[in-house]
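Undergrad: whatever this is, show me its structure:
(2 chains)
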Number of protein chains: 2
Amino acid sequence: MKFRSRFAALLCSGALAALVPAVAHAAPDKALEAKFDALIDPALMGSWLKTMAAEPNHVGSPHDKANAEMTLAQFRAWGWDAKIEVFQVLYPTPKEVALELVAGPGAPFRATLTEAPIPGDESSTRTKDQLPAYVAFQGDGDVTAPLVYVNYGMPADYEALARLGVSVKGKIVIARYGAGWRGLKPKLAQEHGAVGAIIYSDPRDDGYSTDDVYPKGAARPPGGFQRGSVADMTTFPGDPTTPGYGSTKDAKRVAREDAATILKIPTLPISYGDATALLKALDGPVAPAAFRGSLPLTYHVGGGETAKVHIKVVSDWSLKPAYNVIATLKGRQSPDEWVVRGNHRDGWVFGASDPLSGHVAMMNEAKALGALVKSGWKPGRTIVYASWDAEEPMLLGSTEWAETHAAELKKKAVIYLNSDSNARGFLGVSGSHAFQHFVNQVSADVTDPQTGVPVRDRLRAGLEVSAAEPGANPRTTALGRIASDHARDLPIEPLGSGSDYSAFLQHLGVPSMDIGFGGEGQSGGVYHSAYDTYEHHSRFVDPGHAYAGALAKVTGRMVMRLADADAPVQRYGDFADTVAGYVDEVKKLAESRRDEAATRTRLLAAGAYRIADDPTVSRGDPAPLTPSPKLDFAPLDAALVRLKASAAGFDRALADKGAALTPAQRKTLSAAILPLEQRLLNEKGLPFRPWYRNLIYAPGRFTGYGAKTLPGVREAIEERRFDDADTYIGFTAQALTDYAAGLEAATAVIHGG
Amino acid sequence: MKFRSRFAALLCSGALAALVPAVAHAAPDKALEAKFDALIDPALMGSWLKTMAAEPNHVGSPHDKANAEMTLAQFRAWGWDAKIEVFQVLYPTPKEVALELVAGPGAPFRATLTEAPIPGDESSTRTKDQLPAYVAFQGDGDVTAPLVYVNYGMPADYEALARLGVSVKGKIVIARYGAGWRGLKPKLAQEHGAVGAIIYSDPRDDGYSTDDVYPKGAARPPGGFQRGSVADMTTFPGDPTTPGYGSTKDAKRVAREDAATILKIPTLPISYGDATALLKALDGPVAPAAFRGSLPLTYHVGGGETAKVHIKVVSDWSLKPAYNVIATLKGRQSPDEWVVRGNHRDGWVFGASDPLSGHVAMMNEAKALGALVKSGWKPGRTIVYASWDAEEPMLLGSTEWAETHAAELKKKAVIYLNSDSNARGFLGVSGSHAFQHFVNQVSADVTDPQTGVPVRDRLRAGLEVSAAEPGANPRTTALGRIASDHARDLPIEPLGSGSDYSAFLQHLGVPSMDIGFGGEGQSGGVYHSAYDTYEHHSRFVDPGHAYAGALAKVTGRMVMRLADADAPVQRYGDFADTVAGYVDEVKKLAESRRDEAATRTRLLAAGAYRIADDPTVSRGDPAPLTPSPKLDFAPLDAALVRLKASAAGFDRALADKGAALTPAQRKTLSAAILPLEQRLLNEKGLPFRPWYRNLIYAPGRFTGYGAKTLPGVREAIEERRFDDADTYIGFTAQALTDYAAGLEAATAVIHGG
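TA: Next up is the predicted model:
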């Protein structure tokens, strides 16, 4: 760490810059960062991407291992202390998959469960070793049953089906991707008694409606399908056979049939080409408006005996090695404070956009940091870089590592910085809100490749312009209003799930960030398909790999500044304000739930549905809604008052006195705030999912990837579990109070205590 | 009119019911209405429908004349004094139509501009005399030019095209139906320099997305297309060659090339089957999200030289006879006060749903009223029933009649009651708000055929249930809130255009209503096509013709009650409250326009669009918006104050003293309020369209059929014509003030003056 002294003010002014390395209260080292930037090389990242995406690289494949070894060799060549940590993870692969329409119009029809090569895309010709249509952790099976179309297969869709008098019990469902995470679709289907599930990609979302299909444009071609995991992640991520602990070689394993997060029914993903044939065979009620996708047919719900489908999935359920490459640069001042940064490396097939586009940025950061170390710099804190394996089946590499090293991470990890797919467009950062200001500062210092303005300015302009569009929704409008105040920071989003930060943030309580660019590069169309290739990525997603460079510069700055910061970069007022907003939301939610229940009761009592519904379509009233008691938010309100005061106290103290802290005080202060976020955890965890312990941020039980903030309270209200709502108001208030107490203790350190 | 006496209170209690015909202050005669209901015969209406829809019956066709003669004969047989009034109207018909893709992928391709017979639909086999694909009052022409896809062809779409750097100048546009009235599409195209226009029906709106296609279901089959008028109705409706006066035999004619409401460019409607081939040929930018229809292709905007289209339309521009059947039952007490009721009779092909489904209801009303007259009843006021011809080309029959009889109508017409297409579902009434309460009373007394509850109750339940759906928009939510108060009347909608009430309400100032059922019967799919047949209507739109019966009972009651009312049925407070709501809206609109202009200025100055927009797509900034001055609404506010007071004064006086009025007072009162609505007119009319004189209700310049209330003010604000906004604030305030003064004079009559 550079020498920081009482001369901070002078040094800030640059007067003594030549004599003493420029150090001030948490001021970034611009010269160091400029050197870093000069080592970021899009063409080099492109060549790594080409090599690593040359062959299928899913877990257990030869090329995944080769990529791990290449990554290891590179880190070592760049001067990092690097090794491979192997975990033995349950990673099922398909031995046999089949799907046929066996009865109904158009039968027999056999689905094509492989993706054909695309003219002009050389990678796609390498079909050996490609996984066919498959979703990991479905239940295997061989069943024939009538087919039902369940729209997105989300709870509201099952309510609609009930009102149409259609049941999925003993049937096979077909759902379209969207409106909720993939794994919820077969999970809810099986809870409703279905014996099999099919998920298809509707062209409105990422097929011909969005762009010309590949190879002419970026969109998903008619034979493309979306692989993915359907492990019940909302219960817990990671290896289903080692819940809550690492998948080390000798770890005790839960039997597959007892594994809570493995589904029970056979499930397959298919293309819209295949889906068309199945959907065309359905009779039964015409689908309600909300159920209608974009295929050129009249959507019917099915449910009768006309259309029958045979689905067969047989998997190899053996363990496979997951190779996490872990590389370290030891910190000089505080080697036991770690800045951890990761990106996964495994794909579903070639994985060019997902995940290698982010992985190569991480590699270039590592190369540059290594070069800076060689030329004399040393980070103040230890930097740990991780190339995760087995993220795609459900965050296995990072989760098993985090569970294995839980105690050490809780003691030492300052933050976890994650990236994954990256594309041309706008910076998107989600994470722990105490770091919101820090993110703003970093993004003001990196230049957008296309427009030449700081990436923060481009994001600000994007938010303002979107809000000015006619028909902007309330959230977009609110963001635009914030963005239009040029003195204000731009907000960051909360984290749900979907990448490797989950175990850190939601299980261990390590503050986390997820960082990436996107919004203009067209990667969605080939997501998790065999067409996510180097060729497709270079043409459509990040031409010239310019945004890989921008990502490396943003994340690299975060790493360097966090490693070298001699005073906290956090602004706890941002966290307090954000939580205050969430509390407001859950209060309004409680009110609206009460209104909905009251309205439903009134309308049922008046027979209004029977009078209003089309008698040729509807089959019954909707279910009554549990009346909502008035919830007592007083504990949360009180906790918020204290939190706001403590946060303001800390922020003010740091602003006033931060420059004058002694080295000893700085060390004590850093140690005091490191574990603060862990106070947001509750050992009991959330209802139905004790692995998720963070009471502020979690993935939603019925959104999957989408975040639910104050989840113990919010979801209890949404799902009308009012006893839980009361309980978790208490728990959450306690967590925030403990957090405030921790802030007060840290503040005392600043004041000289 | 029945004897009404000082014994009103006793009579209301029914005590003297046997001695004196039950008469009270405006109480309906339930016994009479029950007799009326007993004469309503769905099977009979079905047989009329079958006969009248047996052959193509567009203007000038033999069957249109035959239907007129049949209607005349029936009215006379039922005891009405009936005649045919003939007008000679410009009604162009196609001599030659052709559309081909002459260059681009898939060329050559020739569009099929006729509709083939449908198996099982016998009517559709009668292809002789069927009009091919055609829209009336397009400009004729023979051009070949590049093709551009303009989404709905509405103003916002041209703004979007400009930002993509795509111009339609010298090109042929293809637009999809929807988001604005048909005629605006070629009109705006020609204003932007296009040389031809094509309109197609996207399947998401009324094709396979909504239902199985005919004959399996009700939806528009791939070969079906929507005919219609494209006369510039928002400027004025009726015969383009006789603007503002009747198309009588010797009327002076404006030359076709000088007729303001005839378009200049050839335009044709096509099916989605044909549209697919044209749209597939387009290159150029991928269409933005808002432009994407439901066809299985990637929508491109075109605009380059790749896809070229040849369009040829040659019309016969001769005059054709329009046969209005006008039938009268002379009133006993007030023969010079007319209750006028109409429905058009001409279709585009067979016209079963549109318009004969409403016409047969009107006929059954006429039969029943005739029978009541034969058995002793005589209406107090004169009843005039009109079977209009030539509505489809743009309200020609009713407009020419109204213009011809303008002076007499202004003197004598109490109200105009209109119907048109009718279908299974919910009652919908739009019209003059002083009659809102009257509509509520009538609808409480008619039983819904499907549910057995009063139609008002069914509508109320429908509004409540819709509002309880997740994602209900603000308007739906507001309507639900009103509906949930079971003591409150349900609101009626304001009138724009689209059927024969327009000349009455918006040119002459005769209070008007448009009445019909719908929402469940699937008629949209075959709208204006050859598949709108008796077969389709009976299967899908109004099985058993039950709702024709309901319509007849609702409208029949309105006619009888208005003919016999011995005191006004109006509640002027409803009009005042409604106008107050509109004034609030325009004030908020002015604010939001100011905000939009300020935001646009700020974002342009900051270069925000250049920074935010995708540089591979966008070609330039949006246009600046005229800064909005602060408008002075004080004159409107003052007028509202007076209007509310006057309305309350009238309503209260009528409630208190109405029962005690002498016959002479009643006559004077009736005469005083008859012309009140005319005070809402301004001789200057609206900007750009002086024919539209009503300052409260008009069709929108850029919506077409959709109503714009306080149009002089509202549209001026929307279009940023702020001088006009000021002027029309003044005019509208004056109109409302004059109206209030008229109410005060009428109130004085009640008080004995």
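Undergrad: and residue A:417, that's in a strand?
TA: Yes - checked against DSSP: H, G, I helix; E, B strand; the rest coil, residue A:417 lies within a strand.
Undergrad: my guess is it contacts residue A:340, does it?
TA: Yes - shown here, residue A:417 and residue A:340 form a contact pair, counting by C-beta atoms under 8 Å, at 7.0 Å. All C-beta spots, glycine's among them, are computed from the backbone N, C-alpha and C.
Undergrad: okay, now the residue lying closest to residue A:207 once chain neighbours are set aside: neighbour count?
TA: Nearest residue to residue A:207, sequence neighbours excluded (C-beta to C-beta, 6 or more residues apart in numbering or on different chains): residue A:220, at 4.7 Å. Using other C-beta atoms under 10 Å in any protein chain shown, residue A:220 has 27 neighbouring residues.
Undergrad: hmm, residue A:220 is touching residue A:209, no?
TA: No - at 10.1 Å, residue A:220 does not count as touching residue A:209 under the criterion of C-beta under 8 Å.
Undergrad: any shared contact partners between the two?
TA: Residues touching both residue A:220 and residue A:209 (C-beta atoms under 8 Å, 6 or more residues apart in numbering or on different chains): residue A:203.
Undergrad: circling back to that earlier point, separation between the residue nearest to residue A:207 and residue A:453?
TA: 33 Å (C-beta to C-beta, to the nearest Å).
Undergrad: repeat that for residue A:626.
TA: Where residue A:453 is concerned, residue A:626 sits at a distance of 52 Å (C-beta to C-beta).
Undergrad: neighbour count for these two, which is higher?
TA: residue A:453 (16 against 13).
Undergrad: just the pLDDT at that one, thanks.
TA: In this model, residue A:453 is scored at 98, pLDDT.
Undergrad: now do residue A:101
TA: 98.
Undergrad: with residue A:5 instead?
TA: In this prediction residue A:5 is given a pLDDT of 37.
Undergrad: who in the stretch 251-400 of chain A is up against chain B?
TA: A:286, A:292, A:294-299 (C-beta under 8 Å from any C-beta of the partner chain).
Undergrad: could you redo the last one with a cut-off of 7 Å?
TA: A:286, A:292, A:294-298 (C-beta under 7 Å from any C-beta of the partner chain).
Undergrad: can you give me the strands in the stretch 201-350 of chain A?
TA: Using DSSP state E, counting those that start in this stretch, the strands of the stretch 201-350 of chain A run over residues A:228-229, A:267-270, A:308-316, A:319-329, A:334-344.
Undergrad: what's the burial count for the closest residue to chain B within the stretch 251-400 of chain A?
TA: Going by C-beta to the nearest C-beta, chain B is nearest to residue A:296 of the stretch 251-400 of chain A, at 4.3 Å. By other C-beta under 10 Å, the residues close to residue A:296 number 18.
Undergrad: stretch A:208-228: end-to-end distance?
TA: Start and end residues of stretch A:208-228 are separated by 21 Å (C-alpha to C-alpha, to the nearest Å).
Undergrad: identify each buried residue in it, please.
TA: Buried residues in stretch A:208-228, counted by 16 or more other C-beta atoms under 10 Å in any protein chain shown: A:208-215, A:217-228.
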